[in-house]
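Asks: quick one, structure for this:
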Amino acid sequence: MRARLAILPFALVVVASSACSETELRTVYEAPQFFDQPDNLGPTVWVDEFQQRTVPESDILFVVDNSCSMADEQEVLGANFDAFIQSFINTTLDYHIGVVEGDLTPGSPNDWGILREYNGAKWIDPDTPDKITAFNSLANVGDDGDGSCEMGLSGSHSALTTQSQIGRPNEGFYREDALLSIIVVSDEPDRYGDSNPFSTCGGIGPDEYIPWFLYDLKGPTGGDKVFFTGIIGDRPGGCDAGDNNADEGTGYWEVIDAVGGNFLSICSQDWATFLTELGLEAAGMKRTFYLRRVPKEDTLAVLIDGTPANGSTWSYDRTTNSVTFPVEFIPPELAIVEITYELIEDVGSAPPAE
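Replies: As a prediction, the model looks like this:
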């Protein structure tokens, strides 16, 4: 007799972090629930069953710094957008992708966070004819910003609050029931309030932004529907890669730490891999599946929609007790993933402790 587990709604957020690494990407996963007790005769064969998670709607907001040092980074972002959006192609996902400027005009908060337009449209959606060209135009925000009030936090906050109200410029972009991803691209710290010694920019800092992001955007239990990503300067001290350098992304790092956000060094030479995984996250897909019990590793077997998966297409991580698929082998939308294994220690017929 074997025990089976069925997937249920989201349970935990795991953050893979390293202060000095170029990338940090969190994984949202679903915890299966036990509902058949294992037999205590002979080795217990356990089956964790998952369905590839998907969402009907996803809103993605890019906040791109338009100060004088950002031209190269804007080009890199545009050149790698196809890696990001490939996760949405051939899915049923209804997505909105918009861009706002991150270098804000001092003293003009009513103008902060207004979505840029391309051919009269304020965001990219499944019906946009040439999505790559459209995004390149939107993401090319220029480099003629003021340079003193680079405030991605305030820009994204305004875009999703003030500017999204009825009758305001962004009306219709933000949807309460959709997954939401905020991606800030900047080579400077967030210069909110008095953090800039040369100018009082106003705006909001991490202390206000974090509770708004976690509890107000999607409500007190909606934290698993919001993602924050900083493509910013490393800590400590920023980064320098020849022609490409950046200050430490102070302000953004506080948000990343508090909400379990994602990080890519803006000095990285490889944006494509990170943006591919970020696209999977924004599309509601997952590539890591966390096991309910501890397996005898040599008995692990993976099936996708009933077909055995080749061992070269997945790997087991003992530290996190999870099975991970490379991006190129990620299970397709709505696929049933079954992970079968013998328990490393037969616990008889008692259900696992909660």
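
Asks: beta partners for N244?
Replies: Beta bridges link N244 to A241, judged by DSSP bridges.

Asks: which residues sit in contact with it?
Replies: 72-73, 266-267 (CB atoms under 8 Å, 6 or more residues apart in numbering). In this view, the C-beta of every residue, glycine as well, is placed from N, C-alpha and C.

Asks: doesn't V55 make contact with Y95?
Replies: No - under the criterion of CB atoms under 8 Å, Y95 is not in contact with V55, lying 9.6 Å apart.

Asks: what touches both of those two?
Replies: In contact with both Y95 and V55: A283, using CB under 8 Å, 6+ apart.

Asks: which of the two has more neighbours?
Replies: Y95 (25 against 18; other CB atoms under 10 Å).

Asks: I'd say S87 and G279 touch.
Replies: Yes - counting by CB under 8 Å, S87 does reach G279; the two are 3.7 Å apart.

Asks: most neighbours out of the contacts of N244, which is it?
Replies: I266 (30 neighbours).

Asks: residues touching that residue, list them.
Replies: Counting by CB under 8 Å, 6+ apart, I266 has contacts 73, 185-187, 231-233, 239, 244, 246, 249.

Asks: quick check: it vs I231, distance?
Replies: 5 Å (CB to CB, to the nearest Å).

Asks: shared neighbours of the two, anything?
Replies: What both I266 and I231 touch, as defined by CB under 8 Å, 6+ apart, is the set 73, 185-186.

Asks: make a markdown table out of the residues you listed and add pLDDT.
Replies: A markdown table is the format used below for those (pLDDT from 0 to 100):
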| residue | pLDDT |
| --- | --- |
| E73 | 91 |
| V185 | 96 |
| S186 | 95 |
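
Asks: can you tell me the element the closest residue to A121 other than its chain neighbours falls in?
Replies: Nearest residue to A121 in three dimensions, chain neighbours excluded: T128, at 6.8 Å (CB to CB, 6 or more residues apart in numbering). For T128, there is no host helix or strand (DSSP states H and E).

Asks: do you know the pLDDT at the closest residue in space to Y209 that isn't next to it in sequence?
Replies: Nearest residue to Y209 in three dimensions, chain neighbours excluded: L153, at 4.8 Å (CB to CB, 6+ apart). If you check L153, the pLDDT there is 97.

Asks: helix or strand for L153, just tell me which one.
Replies: Counting by DSSP H and E, L153 is found in helix 152-160.

Asks: and if you look at T229?
Replies: strand 226-232.

Asks: that strand - contacts with which helices or strands?
Replies: strand 179-185, helix 252-259, strand 262-265, helix 272-282 (3 or more CB pairs under 8 Å, 6 or more residues apart in numbering; DSSP states H and E).

Asks: can you redo these as JSON lines with distance to F227 and mean neighbour count?
Replies: Listed next are the helices and strands packed on strand 226-232 as JSON lines, based on distance: least, CB to CB, whole Å; neighbours: other CB atoms under 10 Å:
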{"stretch": "strand 179-185", "distance to F227": "4", "mean neighbour count": "25"}
{"stretch": "helix 252-259", "distance to F227": "8", "mean neighbour count": "21"}
{"stretch": "strand 262-265", "distance to F227": "7", "mean neighbour count": "26"}
{"stretch": "helix 272-282", "distance to F227": "6", "mean neighbour count": "21"}
